[in-house]
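Visitor: got a predicted model here, sequence first, then my questions.
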Amino acid sequence: MKLAATLFLLACACLSAQAQTPIVLDGQYSARTDEMSLEIIGNRVCFAPDKAQWGRLPRPAATHDAWFCFSNDGEARRLLRVPARQADNCGWQARARIVIDTYQPYVEQGDGNDMARLASVIKVAQPNAIACE
């Protein structure tokens, strides 16, 4: 019985540690489809908050720009109204005000990126095509 009580307390502590207050961010989403982006990031929608809002993210201070990809990519594409992939461009981008409720900083060595769950979209601009280079 003591083991069950201990496991229950540990589970509660883990859940409360993961629960985060929703964070409202302004910035730009991008869904890049060029070969290099697909190789490095994968087929994901990512978000770069405005620099003045980097401090809102629960991440260690870093010397690089703050950005993250959405852990619920399909839902993010729907909520942000990301257009379907087209052959004449290398993706889409648009300004948006969003709400995230889970943020997971990538703190490992090597390639990787922060992830967040998109909870809702307050507003999103008309997307612009990203030109291929």
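Guide: Noted; the coordinates are in hand.

Visitor: assign residue 47 to helix, strand or coil.
Guide: Taking DSSP: H, G, I helix; E, B strand; the rest coil as the rule, one finds residue 47 in the strand state.

Visitor: what's the spacing between the longest strand seen in the chain and its chain's center?
Guide: Taking DSSP state E as the criterion, the chain has its longest strand at strand 91-104. Between the centre of strand 91-104 and the centre of its chain there are 6 Å (Cα atoms, centre = their mean, to the nearest Å).

Visitor: return the list of strands paired to it, each annotated with direction.
Guide: strand 23-32 (antiparallel), strand 114-124 (antiparallel), strand 128-129 (antiparallel) (DSSP bridges).

Visitor: buried residues in stretch 99-117?
Guide: Residues of stretch 99-117 classed as buried: 100, 102, 103, 104, 105, 114, 115, 116, 117 (neighbour count, 16 or more other Cβ atoms under 10 Å). (Each C-beta comes from the backbone N, C-alpha and C, glycine too.)

Visitor: need the max-distance pair from the residues you listed.
Guide: Taking Cβ to Cβ as the measure, these span a maximum distance of 13.6 Å, between 105 and 117.

Visitor: thank you kindly, that will do.
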